[in-house]
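[1] With the input below, show me the fold.
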Amino acid sequence: MDTDLSNYRKSYEKQELLLKDTPENPMELFQKWFFEVDKFFPEDETNAMTIATIGLDGYPKNRVVLLKKYTYEGFIFYTNYNSEKGKAILNNPNVCLSFFWHGAERQVIIKGKAKKISENLSDGYFESRPRGSQLGAIVSNQSEIVSSRKELEEKLTSLEKEFEGKEIPRPKFWGGFIVEPLEFEFWQGRPNRLHDRIRYSITSDFNWVKNRLSP
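    Next up is the predicted model:
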């Protein structure tokens, strides 16, 4: 197989990102971009983000997860703690998040450390989920080999009967992580590949320093 993609090109011309126009706190810029993408580019799944972890085998691995909340403290998502990503994070909390919003020609990359959120916060979010999603979290031994789709569907049917008319408790192996950011990079596509890149880095006294990077 020999597939040449060298003629794939796109000119990025929608926006600019100037250092003088950026706030002192990167979370404020993230929120501004998030709201703009959500409003003007509804075709993008705005809260879809890629998380990169270092696996137990020593290899990095990326996958897309859904951001469920963000605050000045960090970015929260939910998963199975016994999954491949869950085990990787518990073994090595250094992770990287990235958002690519193609409609706006923007990307945000966030390096940080992940840790479990409190059980009561995980309980609260689990209770807000549709029953089907609650049961799905129990059905799936995430990342483990399964014999067939039929096995999952039969297990789901069994649990639906078991919990009919009952509250579904959050399984202890499922819950949230918060990624506390140490570095942000905001990327705005520009013509001629002279893209705008602004990096925020946190200092030892928890202030943010920002710089323009060469594209």
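[2] Contact partners for the residue most central in space within the chain?
    Centrality entry for the chain: nearest residue to the mean C-alpha point is Met49, 3.5 Å, by Cα atoms, centre = their mean. With Cβ atoms under 8 Å, 6 or more residues apart in numbering as the criterion, the residues that contact Met49 are 64-67, 75, 77, 97-99. Where C-beta positions appear, they are placed from N, C-alpha and C, glycine not excepted.
[3] count of residues packed around Asn80?
    Neighbour count for Asn80, taken as other Cβ atoms under 10 Å: 20.
[4] cool, Asn7 as well?
    5.
[5] Where does it sit, in terms of helix or strand?
    Here Asn7 is covered by no helix or strand, with elements defined by DSSP states H and E.
[6] For the residue nearest to the centre of the chain, name its beta-bridge partners.
    Val65 (DSSP bridges).
[7] One more: the one 4 residues further on?
    The bridge-partner assignment for Thr53, based on DSSP bridges, gives Lys61.
[8] State whether it and Leu90 are indeed in contact, as I suppose.
    No - between Thr53 and Leu90 there is no contact under Cβ atoms under 8 Å: 10.0 Å.
[9] Between the two, tell me which one has more neighbours.
    When Thr53 and Leu90 are compared for neighbours, Thr53 comes out ahead with 23 against 15, by other Cβ under 10 Å.
[10] List the residues that contact that one.
    By Cβ under 8 Å, 6+ apart, the contact set of Thr53 is 60-61, 85, 88-89, 92, 95.
[11] Report the buried residues of stretch 121-131.
    Within stretch 121-131, the residues that qualify as buried are 121-122, 125-126, counting by 16 or more other Cβ atoms under 10 Å.
[12] Now intersect these with the strands, please.
    Of those, none are assigned to strands by DSSP state E.
[13] of all the contacts of Met49, which comes closest to Glu180?
    Phe75 (8.5 Å; Cβ to Cβ).
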